[in-house]
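> Any chance you can model this:
(2 chains)
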Amino acid sequence: MNRLLLAASILLSAMPLAHADEAAVRAAIKKMAPTATIDKVEKSPIDGYSQAIVGSQLVYVSNDGRYILQGTLYDVDAKLDLSASRMSRENVAKLAAYPEAQRIVFAPSGKPKYKVTVFTDIDCGYCRKMHSHIAEYNERGIQVDYLFFPRSGPGTPSFDKAISVWCAKDRNGAFTSAKAGQDPSPLKCENPIAQEYQLGITVGVDGTPAVYAPDGSRIGGYLTPDQLQASLERIAASANSGG
Amino acid sequence: MRMLLALVFVVLPALGHAATPEETARKAVAALAPQAEVDAVQVSAVPGFLEALVGTQVIYVSVDGRYIVDGNVFDASVGRNITEAAQAHQRAVALRRIGAEKRIIFAPPAPKYAVTVFTDIDCPFCRRFHDQMARYNELGIAVEYVFLPLDIHPGADRKAEAVWCAKDRRQAFTAAMSGADTGTASCANPVAETSRTARAMGITGTPTAVAADGTRLSPQIAMSPDLLVAELARIAQNPVPARQ
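Here you go, the predicted model:
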């Protein structure tokens, strides 16, 4: 009998989340943020707390549903931002699901060593500065996949420029000239700009350029070729070491 | 044999020095933010956590010291941001250290509300705020000025001192706020002390208005006498609860 109880308790502790807890956690979030969409509720690293993914945010909720911690969770010994790493895992799937045919891709001539996804806005100074280094990124084996995130939103001149670039015959050429300050000739066609903008919001883009590494982590901001290469090497090294 | 093992188990934890909550929290904060100065540690109302106070900022450390949460905690049962409440409480405590004798007070005959305003003679918005003093007073608000001359206004600390050392402080203050030369009077004054207290409270801009319960009032509200009186009335109804 004792054995059985022990086995049962071990099983229980390994289970993702008791049903009652999840209901309490969802109710707490709904109470504080009635319009929030809760994507997932799961066990958190902290004893007695669950974590919930709410759009691009991660919140920690006591299993009784009383306390909601909104902020960044750090692992002290590992000096690691656990909130960001959890959201990276969430983002990597969302970004990977976005088809290459809908991206504006600047690839190196040989086989790329790294691929980054960059959310960009034609009317953003640092996005333009970033694109001015595109040949150098490529020379270092970095493929840059652009998605549009016109910060001013749908129905604005920046959004229309993105559509015009997308609809141009030579997309990459039109993109590069627009980044050099030349307004694209106005064009309209079926386009994925609204979808890209929405994806940006979902993965937490709050400014441009927003650079995402293959592991789904956001590594910038504007990055010089040196900085981008260094970040990507660091991430690849820690992935290989299993860290 | 069994007995011996049991004994060892009992004795071991007693041998190892168990860290106090204070030590646990300080060690964790120091590991992640070596430059942060922890002023105090207390057990949090949030289960499983300690609170480290850095200035008036609250940082949550798990009781085992493994995790830190930097952010806000909401108590869903009462719908309140308890981090902001704790920080307001700390600000209220700090405010009480600035006694009336360190302030320049513009009060109506029978004030309904009092608000502390950190001010700088060379700050344009502070001057605009002071231009409306008659209206604040008319609405029953006592404005209690505390000097916080900002580094971006070289010489503003000297002007604050000169005003402080004038025979009629209020008159000298009003004159200085309309651009009059303050002169260079010098005497013992609380300007450096109040500036330090403000910085410890996380206040780095002027004018910053703080209610008696420690709630920081947004500039949009503070700059409007009508909005300010409404907000002070709301806070008086529902103040940040004082803690132990």
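
> C-alpha from now on. contacts and neighbour counts both.
Fine.

> Centre-most residue in chain A?
Most central in chain A under C-alpha atoms, centre = their mean is A:Val203, positioned 3.7 Å from the mean C-alpha point.

> check contacts around that one.
Contact analysis of A:Val203 by C-alpha atoms under 8 Å, 6 or more residues apart in numbering or on different chains lists A:Gly55, A:Ser56, A:Asn91, A:Lys94.

> Quick check: the gap between it and A:Trp166.
For A:Val203, the distance to A:Trp166 equals 22 Å [C-alpha to C-alpha, to the nearest Å].

> Hmm, B:Gly99 and B:Glu144 touching each other?
No: B:Glu144 is beyond contact range of B:Gly99, at 10.3 Å (criterion: C-alpha atoms under 8 Å).

> So those two - more neighbours on which side?
B:Glu144 (20 against 9; other C-alpha atoms under 10 Å in any protein chain shown).

> and of the contacts of A:Val203, the nearest to B:Ser77?
Taking C-alpha to C-alpha as the measure, A:Gly55 is the one of the contacts of A:Val203 closest to B:Ser77, at 23.0 Å.

> what's the pLDDT at the closest residue in space to the closest one that isn't next to it in sequence?
In this structure, A:Gly55 finds its nearest non-sequential neighbour in A:Thr202, 5.9 Å apart by C-alpha to C-alpha, 6 or more residues apart in numbering or on different chains. If you check A:Thr202, the pLDDT there is 90.

> Report how many residues lie close to A:Thr202.
When neighbours are defined as other C-alpha under 10 Å, A:Thr202 has 16 of them.

> swap in B:Pro225?
Look at B:Pro225: counted by other C-alpha under 10 Å, it has 20 neighbours.

> Could you pull up the residues touching the closest residue to it other than its chain neighbours?
Distance criterion C-alpha to C-alpha, 6+ apart; nearest residue to B:Pro225, sequence neighbours excluded, is B:Tyr136 at 5.4 Å. Neighbour list for B:Tyr136: B:Ala142, B:Val143, B:Pro225, B:Val229 [criterion: C-alpha under 8 Å, 6+ apart].

> closest to chain A among those residues?
Nearest to chain A among those: B:Val229, at 27.3 Å, using C-alpha to the nearest C-alpha.

> can you tell me how far that closest one sits from B:Tyr113?
Using C-alpha to C-alpha, B:Val229 is found at 8 Å from B:Tyr113.

> Pull up the overlap in contacts between those two.
With C-alpha under 8 Å, 6+ apart, B:Val229 and B:Tyr113 have common neighbours B:Ile141.

> okay, now A:Ser50: neighbour count?
24.

> Please read the previous query as pertaining to B:Gly183.
14.

> B:Ala162 is in contact with that one, correct?
Yes: the criterion here is C-alpha under 8 Å, and B:Gly183 meets it with B:Ala162 at 6.3 Å.

> Which neighbouring elements make contact with the longest strand anywhere in chain B?
As assigned by DSSP state E, the longest strand anywhere in chain B is strand B:67-75. When contacts are defined as 3 or more C-alpha pairs under 8 Å, 6 or more residues apart in numbering or on different chains; DSSP states H and E, strand B:67-75 sits against strand A:67-75, helix B:21-32, strand B:57-62, strand B:80-81, helix B:82-96.

> now do 7 Å
Judged by 3 or more C-alpha pairs under 7 Å, 6 or more residues apart in numbering or on different chains; DSSP states H and E, the packing partners of strand B:67-75 are strand A:67-75, strand B:57-62, strand B:80-81, helix B:82-96.

> So which residues on chain A come close to chain B?
Taking C-alpha under 7 Å from any C-alpha of the partner chain as the contact definition, chain A meets chain B at A:28, A:31-32, A:66-77, A:79.

> For chain A, give me the ranges with low pLDDT.
Chain A contains residues with pLDDT under 70 at A:1-17, A:241-243.

> Now rank the contacts of A:Val203 by neighbours and give me the top one.
Neighbour counts for the contacts of A:Val203 (other C-alpha under 10 Å) peak at A:Asn91, which has 23 neighbours.

> what separates the longest strand of chain B from the chain centre, distance-wise?
Offset of strand B:67-75 from its chain centre (C-alpha atoms, centre = their mean, to the nearest Å): 19 Å.

> picking up where we left off before, kindly provide the distance from the residue nearest to the centre of chain A to A:Ser152.
A:Val203 sits 17 Å away from A:Ser152, going by C-alpha to C-alpha.

> ok, the residue lying closest to B:Phe129 once chain neighbours are set aside - how many residues close by?
Counting by C-alpha to C-alpha, 6+ apart, B:Met223 is the residue found nearest to B:Phe129 once chain neighbours are left out, at 5.9 Å. Counted by other C-alpha under 10 Å, the residues lying close to B:Met223 total 21.

> I figured B:Met223 was touching B:His130, is that so?
No: if you go by C-alpha atoms under 7 Å, B:Met223 and B:His130 don't touch, sitting 9.4 Å apart.

> Could I get the phi/psi values of the residue nearest to B:Pro225?
Per-residue torsions, B:Tyr136: phi -60, psi -50 (degrees, to the nearest 10).

> Equivalent analysis for B:Val54, please.
Phi and psi for B:Val54, reported as degrees, to the nearest 10, are phi -120, psi 100.

> what's the distance between it and chain A?
To chain A, B:Val54 is 17 Å away according to C-alpha to the nearest C-alpha, to the nearest Å.
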